[in-house]
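Chemist: Could you work out the structure for the sequence below:
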Amino acid sequence: MKTNNTDKKPQNGFIAKLIDNQKALIEMFFVSVIGGWVFANLIMKSFRQLDNIDYVATTNLAVFVLLILVGAAIMGVISYFKKPVAKIVLLALVLVYFILTAIKSEQVDFNAASNNPIGQVCLLALMGMLAVAVFYYCREDIFKLAGNYKLSTKALKIVTAVFGILIFGLVAFIGIMRYRTYSNATFDFGIFAQIFEYMKQKGQIATTAERGYMLSHNAVHVSPIFYVALPFYFIFPSQITIAIVQAVLVALPVIPIYLLGKHFELKNKVIVGLVALYAFYPATVAGTFYDIHENTFLTFLLLMFIWAVETKKNIPTAILLILTFMVKEDAPMYVMILGAFWLFSRKDKKRGIIFIAVSAIYFAIALAIINSYGLGALDFRYDNMFYDKSGGLGQIIIVFLTNPAYAINQMISNADATQMDKIGYIISMFAPIGALVFSTGKKYSRYILFGAFVVLSLITTYQYQHDIGFQYNVGHIALFFYIIVMNLAGVSVRKQKTRVWAGVIIAVIMFSGLVYPRAISYSDRYASNKARIVELDKAIDAIPNDASVVTTGFLMPHFSRHLQCYDIGYPQDIKDANGNVTGKKYYENPDYVVIDSVDAKEQTEFDNNYLNSGKYELINEGNAYVKVYKRK
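Modeler: Got it, this is the predicted structure:
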């Protein structure tokens, strides 16, 4: 028997609406509850307690639950009227919480608390991935909202310039404050500061502090690139100028990143993401925490060189090639790897062959100069790859060919087996950009561009070469961003936006933990050491610039305008006929010896080699921070 539909009871309109919209209501419920939960944690400041379980016992649960309900109610109202806005607010809350937690993570000793020396970088990477999961949930709403706003090429240029200015400002602040707070030392800021003074006065890339005697820096590293920055030092002859030069060099790569993005026809909003990714990529700024080096030139020069080759601009290519070679003896390795990529990817076989050949020739000549007329290549950093200690760098290739298992093992091994430096380094380098650099599809030749990263940072056990806080990453950054631009150009616009902004989110969180706290710490250091800084400045300013000086490591950069300035902790080595160090030779009879009173070891060196000679008298008695001795 058929049932007449008219016999059914009409459903309540409210219930019917609930049934029809149950999926949306469930989603609204979870967005509201999770948003309220994050809101409550922000208000209760639990991000400050990431290593304190006792905080839970002292938390007022009633207040906490009330805050969740308040936050959920606010989120619910937003979601009811504008669900996309509620999802974006959820992402903003999550990002704020993770960023604040990241900032706090700098103060936690993970090794002591959990026997995890890479605990911080793992925490930051994990929070980055969780934030990206939330981003993926609401990305369509973000893209739809962003789609309502057009970004013209003029606006893109302005945004790019703003990011460049912000990078410049932060790096300049770090450099200036490190100098003002006596945080940089002979190695390496003091050396390069003295080199600039020698170039200004004598035209030579020379220093007395690097090895304890008058020495051309080219005997250690072939780096005539410093002459490019010399005009700025001529106009403003100050150690501060060197910090400013470094800031300019770190900021400039936003220009070739913009140019490459345009050349590969990426959308303007994707290029903004690339520039933001460079700005927040932890290694970009962190490498300046150990002051200026020749390598600082590499990111800009390599990216400009890549752009010149891609756009087939022959004269700029030749100029940039020469400038890149001038940076350092191992800079040709980057050009050689680029040449191999262009050869095997068939992008530009002719130029690829030329770049490989020219780079190999220059590299061989530079090493020959250092080995014959200098102090020899610093190949001890690859002792773990040498089966014959006198066999040279060529053994690295043989090891890769005959024992790849050993070579791969060295990529995660350290000289100190108790540490996990390389694992943490790999995470910090790839967590923000891994999805971008490894999404090459079938373009396998792009993996060639990882060659310099493997050789210069992974297979060595020299700890500073696999640490984002040092300068050895700047060349890697250039090749990584080249890979990123090419990979983005090969996927849909939707994937471009998703991948690049996901990378920015992880980079921001890692930047907040690895860079920001350390950068702002110099303000506190300056404020808390103001009396000491004033007295140190006063003592140093009283010494004539033409006087010879022996001083301690953290004071030496402030004496870098003295052409005869020596670090008491690094006297000249005395070697026998076989090159073995048999003793130390201190600079004799300097006009002044200046000792930082906080350094007991160097005070002992002074007592043994100068004070006990009876030739020196203390001329600033009563100064608690520095002792200045003058030759009688």
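Chemist: low pLDDT regions in this structure?
Modeler: Low-confidence segments of the chain, defined by pLDDT under 70, span residues 1-21, 113-114, 415-419, 599-602.
Chemist: what sits up against the helix or strand encompassing residue 302?
Modeler: In this assignment (DSSP states H and E), residue 302 forms part of helix 298-310. The contact list for helix 298-310 (CB atoms under 8 Å, 6 or more residues apart in numbering) reads 249-250, 252-253, 255-257, 259-260, 263, 316-317, 320-321, 323-324, 327, 331, 334-335, 338, 342, 348, 351, 474-475, 477-479, 481-482. C-betas here are computed from N, CA, C, even on glycine.
Chemist: list the contacts for residue 79?
Modeler: Taking CB under 8 Å, 6+ apart as the contact definition, residue 79 lies against 28, 31-32, 86-87.
Chemist: at 7 Å what do you get?
Modeler: Neighbouring residues of residue 79 by CB atoms under 7 Å, 6 or more residues apart in numbering: 28, 31-32, 86.
Chemist: any chance of those residues in JSON lines, with neighbour count too?
Modeler: Putting the contacts of residue 79 into JSON lines (neighbours: other CB atoms under 10 Å) gives the following:
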{"residue": "28", "neighbour count": "19"}
{"residue": "31", "neighbour count": "22"}
{"residue": "32", "neighbour count": "24"}
{"residue": "86", "neighbour count": "23"}
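Chemist: So which of these is the closest to residue 132?
Modeler: For these, the residue nearest residue 132 by CB to CB is residue 31; the value is 17.3 Å.
Chemist: how close does the closest one sit to residue 85?
Modeler: Summarising the geometry, the distance separating residue 31 from residue 85, computed by CB to CB, to the nearest Å, is 11 Å.
Chemist: same check, this time on residue 372
Modeler: Spatial separation of residue 372 from residue 85 under the definition CB to CB is 69 Å.
Chemist: cool, and residue 280?
Modeler: Using CB to CB, we find residue 280 at a distance of 25 Å from residue 85.
Chemist: same question, residue 300
Modeler: As it turns out, when the distance is counted by CB to CB, residue 300 lies 40 Å from residue 85.
Chemist: More neighbours: which of those two?
Modeler: With neighbours defined as other CB atoms under 10 Å, residue 300 and residue 85 compare such that residue 300 has more, 23 against 14.
Chemist: Residue 341 contacts residue 449, doesn't it?
Modeler: Yes - Residue 341 is within contact range of residue 449, at 5.5 Å (criterion: CB atoms under 7 Å).
Chemist: Grab the most central residue of the protein for me.
Modeler: residue 283 (2.0 Å; CA atoms, centre = their mean).
Chemist: before we move on, what SS does that one have?
Modeler: The assignment at residue 283 comes out as helix when based on DSSP: H, G, I helix; E, B strand; the rest coil.
Chemist: Touching, it and residue 478? I think so.
Modeler: No - counting by CB under 7 Å, residue 283 does not reach residue 478; the two are 11.3 Å apart.
Chemist: that older thread, could you export the contacts of residue 79 to JSON lines, including columns for secondary structure and distance to residue 39?
Modeler: Converted to JSON lines, the contacts of residue 79 look like this (DSSP: H, G, I helix; E, B strand; the rest coil; distance: CB to CB, whole Å):
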{"residue": "28", "secondary structure": "helix", "distance to residue 39": "16"}
{"residue": "31", "secondary structure": "helix", "distance to residue 39": "12"}
{"residue": "32", "secondary structure": "helix", "distance to residue 39": "10"}
{"residue": "86", "secondary structure": "helix", "distance to residue 39": "12"}
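Chemist: for the residues you listed, which one is nearest residue 445?
Modeler: Using CB to CB, residue 31 is the member of the contacts of residue 79 that sits closest to residue 445, with 44.3 Å.
Chemist: and the helix or strand hosting residue 257, what other elements does it pack with?
Modeler: Counting by DSSP H and E, the element that carries residue 257 is helix 254-263. Contact here means 3 or more CB pairs under 7 Å, 6 or more residues apart in numbering; DSSP states H and E; on that basis helix 254-263 packs against helix 153-180, helix 268-280, helix 298-310, helix 474-489.
Chemist: Quick check: buried residues in that helix?
Modeler: Burial within helix 254-263, assessed by neighbour count using 16 or more other CB atoms under 10 Å, is assigned to 254-261.
Chemist: Check stretch 219-231 too.
Modeler: 219-223, 225-226, 229-230.
Chemist: Output it in PDB with nothing but the alpha carbons.
Modeler: Extracted in PDB, the C-alpha atoms of stretch 219-231 (Å, rounded to 0.1, in the frame of the first residue of the first chain):
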ATOM      1  CA  ALA A 219      98.000  33.300   2.300                       C
ATOM      2  CA  VAL A 220      95.000  31.900   4.100                       C
ATOM      3  CA  HIS A 221      92.200  32.600   1.700                       C
ATOM      4  CA  VAL A 222      92.400  34.200  -1.800                       C
ATOM      5  CA  SER A 223      89.800  36.900  -1.300                       C
ATOM      6  CA  PRO A 224      90.500  40.100  -3.400                       C
ATOM      7  CA  ILE A 225      86.700  40.700  -3.300                       C
ATOM      8  CA  PHE A 226      87.200  43.000  -0.300                       C
ATOM      9  CA  TYR A 227      88.500  45.700  -2.600                       C
ATOM     10  CA  VAL A 228      84.900  46.000  -3.900                       C
ATOM     11  CA  ALA A 229      83.800  47.200  -0.500                       C
ATOM     12  CA  LEU A 230      86.900  49.400   0.200                       C
ATOM     13  CA  PRO A 231      85.400  52.600  -1.300                       C
END
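Chemist: Helix, strand or coil: sort out the nearest residue to residue 171 once chain neighbours are set aside for me.
Modeler: Of all residues not flanking residue 171 in the chain, residue 247 sits nearest, at 3.9 Å (CB to CB, 6 or more residues apart in numbering). Taken by three-state DSSP, the conformation at residue 247 corresponds to helix.
Chemist: In contact with residue 247, which residues?
Modeler: Applying CB under 7 Å, 6+ apart as the definition, the contact partners of residue 247 turn out to be 168, 171-172, 175.
Chemist: so can I have CSV of those residues showing distance to residue 625 and neighbour count?
Modeler: Compiled in CSV, the contacts of residue 247 are given as follows (distance: CB to CB, whole Å; neighbours: other CB atoms under 10 Å):
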residue, distance to residue 625, neighbour count
168, 32, 19
171, 28, 25
172, 27, 20
175, 23, 26
